[in-house]
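Undergrad: When you get a sec, could you give me coordinates for this:
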Amino acid sequence: MSQATLDDEDLFGEAASEMREDVEEHLDATRAALPDVDAIWAVEADNTLGVLNALRSGLDPDDAEEHLRDAKKWYTMGERADAFEDAGDLENEIEELEGIVTDLTEAREEVGELTSTIPELKSALESAAEANDADDE
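TA: Sure, this is the predicted structure:
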């Protein structure tokens with residue numbers, strides 16, 4: 001092997017190691033950016049709409065989504081370059097965190113739908129109660 005080839009292999013090995021570190025750092029950042037459990041479990045408010053709004057805010061994946069995207073980007077690049085000797089652990093972590101972020105996003109959307117439905121339902125129930133009271137008079 002020529003000296004240039006050894007240098008290229010060394011550089012590739014370094015780049016692969018740095019790429020793995022980047023993926024791991026973004027996965028750590030994803031986990032750190034996930035919402036706190038109390039933000040979605042121990043919600044306090046004066047009424048149902050307040051609870052739903054607090055819950056919706058607590059379910060925001062925010063920066064976790066961006067960090068996960070970056071982890072997946074570097075992981076994909078490393079995989080295509082065949083830069084990782086064993087990337088099964090990274091793939092598993094990405095899949096696990098992707099599931100959590102997806103669940104957060106879907107739950108947030110569902111709570112958002114309830115947040116817009118509850119006031120309409122409240123108004124309809126109040127109207128029905130008023131109509132019932134008027135009939136009783």
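Undergrad: which helices and strands does the lengthiest helix in the chain pack with?
TA: Longest among the helix segments of the chain by residue count, using DSSP state H, is helix 88-136. Under the contact criterion of 3 or more Cβ pairs under 8 Å, 6 or more residues apart in numbering; DSSP states H and E, helix 88-136 touches helix 3-33, helix 48-58, helix 62-80. (Glycine included, C-beta is placed from N, CA and C.)
Undergrad: Looking at the ones you listed, which is nearest to Trp41?
TA: Comparing those by their distance to Trp41 (Cβ to Cβ), the top pick is helix 48-58, with 8.5 Å.
Undergrad: Identify the residues contacting the closest one?
TA: 35-36, 39-40, 43-45, 108, 111-112, 114-115, 118-119 (Cβ atoms under 8 Å, 6 or more residues apart in numbering).
Undergrad: Val101 is nearest to which of the helices and strands packed on helix 88-136?
TA: Nearest to Val101, of those and by Cβ to Cβ, is helix 62-80 at 5.5 Å.
Undergrad: residue nearest the centroid of the chain?
TA: Val101 (2.5 Å; Cα atoms, centre = their mean).
Undergrad: re earlier: ok and the longest helix of the chain relative to helix 48-58, angle-wise?
TA: Calculated by axes from the mean of the first three to the mean of the last three Cα atoms, to 10 degrees, helix 88-136 forms an angle of 170 degrees with helix 48-58.
Undergrad: what comes up buried for the lowest-mean-pLDDT helix or strand in the chain?
TA: For the chain, using mean pLDDT, DSSP states H and E, the weakest element among its helices and strands is helix 3-33, scoring a mean of 86. For helix 3-33, a neighbour-count test (16 or more other Cβ atoms under 10 Å) marks Ala16, Met19, Arg20, Asp22, Val23, Glu24, His26, Leu27, Ala29, Thr30, Ala33 as buried.
Undergrad: other SSEs contacting that helix?
TA: helix 62-80, helix 88-136.
Undergrad: what's around Gly78, how many residues?
TA: Gly78: 20 surrounding residues under other Cβ atoms under 10 Å.
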